[in-house]
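Participant: Below is the sequence, then the predicted model.
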Amino acid sequence: MAITAKMVKELREKTGAGMMDCKKALQETDGNLDKAVDYLREKGIAKAAKKADRIAAEGSTYIAVEGNSAVLLEVNCETDFVTKNDQFKQLLSELGSHIVKHQPETVEEALQQKLHGEGDTVETYINSAVAKIGEKISLRRFTVVNKTANDVFGEYLHMGGRIGVLTLLEGSNDEQVAKDVAMHVAAVNPRYVSRDAVSEEEVNHEREVLKTQALNEGKPEKIVEKMVEGRLGKYFEEICLLEQSFVKDPDQKVKKYVADKGAAVKTFIRYEVGEGMEKREENFADEVMSQIKK
């Protein structure tokens, strides 16, 4: 039986499942809509889709390294409890090893790839995990980093993956140094590696803000410029990794610590679970009132 776009649309509306999943379900059931719904439910796909409107702002970061490639990824779920589940940990491991090997460009591309190059897609694999675990789970983001044999990765997961940091240092194979820098990034949360990475537009904007600030403090205009440059230096210390006092030895800058080891920081990636996402706010009083009104 020919499967039409209208049939696929109707099944999608009934189950919330993806277009390709719906098409396959209809093909497997000869276009029988009710049987197709059952097919999707049996596969855990319809059940997964019903959870799609829930807020999933908990989760974990994870790092996978294979040879000269590494990936930092974030997977979200609804409750912190699930992150301690062995099935969830297995999901992180499978996704990490797939992405670091196949290196998709985007989350969308990753979801459509066959897991480890064979069988079901990554999206289907995640949906089956949703059906087993019983919570909405989603691959939110990832960054793949590649290095040469003369470079080293630094890996650090804080609080069981609440914060994940991946660093890349050039000119060294000292994993401990790279990890120390990753720990610093987790703790201090810089935005850039160095001053050079900060755009001229941002520097000029900050300079104007600091200038107005100084004038509003009643400082003479002739010393304002000098004051602004001094305060700008403090601003760079706040946002640039190499300008910061090293957390394990505040008497020296990160730049000196790394240089003394014969290395240079090429890049870092820092993920904090749920940053920038809407989070569920539990309000016990409102919950009680809603029950009373029913």
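Facilitator: Thanks, I have the structure now.

Participant: I figured Thr167 hits Thr267, correct?
Facilitator: Yes: counting by C-beta atoms under 8 Å, Thr267 is a contact partner of Thr167 at 7.4 Å. Just so you know, the C-beta spots here come from the backbone N, C-alpha and C atoms, and that holds for glycine as well.

Participant: Pick out whichever of the two has more residues nearby.
Facilitator: The neighbour count for Thr167 versus Thr267, taken as other C-beta atoms under 10 Å, is higher for Thr167 (30 against 15).

Participant: ok, the nearest residue to the more buried one once chain neighbours are set aside to Leu168 distance?
Facilitator: Sequence neighbours aside, Gly154 is the residue nearest to Thr167 in space, at 3.7 Å (criterion: C-beta to C-beta, 6 or more residues apart in numbering). Using C-beta to C-beta, to the nearest Å, Gly154 is found at 8 Å from Leu168.

Participant: what about those two, which has more around it?
Facilitator: Applying other C-beta under 10 Å to Gly154 and Leu168 shows that Gly154 carries more neighbours, namely 25 against 22.

Participant: would that one count as being in a strand?
Facilitator: Yes: Gly154: assigned to a strand according to DSSP: H, G, I helix; E, B strand; the rest coil.

Participant: Quick one: residues contacting the nearest residue to Gly171 once chain neighbours are set aside.
Facilitator: Once flanking residues are discounted, Gly171 sits nearest to Ala263: 5.1 Å by C-beta to C-beta, 6+ apart. Shown in contact with Ala263 (C-beta atoms under 8 Å, 6 or more residues apart in numbering): Val152, Leu169, Glu170, Gly171, Ser172, Asp174, Val177, Ala178.

Participant: Output stretch 17-32 as PDB - backbone C-alpha positions only.
Facilitator: Written as PDB, here are the backbone C-alpha positions of stretch 17-32 (Å, rounded to 0.1, in the frame of the first residue of the first chain):
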ATOM      1  CA  ALA A  17       6.800  10.600  16.700                       C
ATOM      2  CA  GLY A  18       9.300  11.700  14.000                       C
ATOM      3  CA  MET A  19       8.400  11.800  10.300                       C
ATOM      4  CA  MET A  20      10.700   8.900   9.300                       C
ATOM      5  CA  ASP A  21       9.600   6.800  12.300                       C
ATOM      6  CA  CYS A  22       6.000   7.300  11.300                       C
ATOM      7  CA  LYS A  23       6.700   6.400   7.700                       C
ATOM      8  CA  LYS A  24       8.400   3.300   8.700                       C
ATOM      9  CA  ALA A  25       5.600   2.300  11.100                       C
ATOM     10  CA  LEU A  26       3.000   2.700   8.300                       C
ATOM     11  CA  GLN A  27       5.100   0.600   5.900                       C
ATOM     12  CA  GLU A  28       5.500  -2.100   8.500                       C
ATOM     13  CA  THR A  29       1.700  -2.200   9.100                       C
ATOM     14  CA  ASP A  30       0.500  -1.800   5.500                       C
ATOM     15  CA  GLY A  31      -0.900   1.600   6.200                       C
ATOM     16  CA  ASN A  32      -3.100   0.600   9.200                       C
END
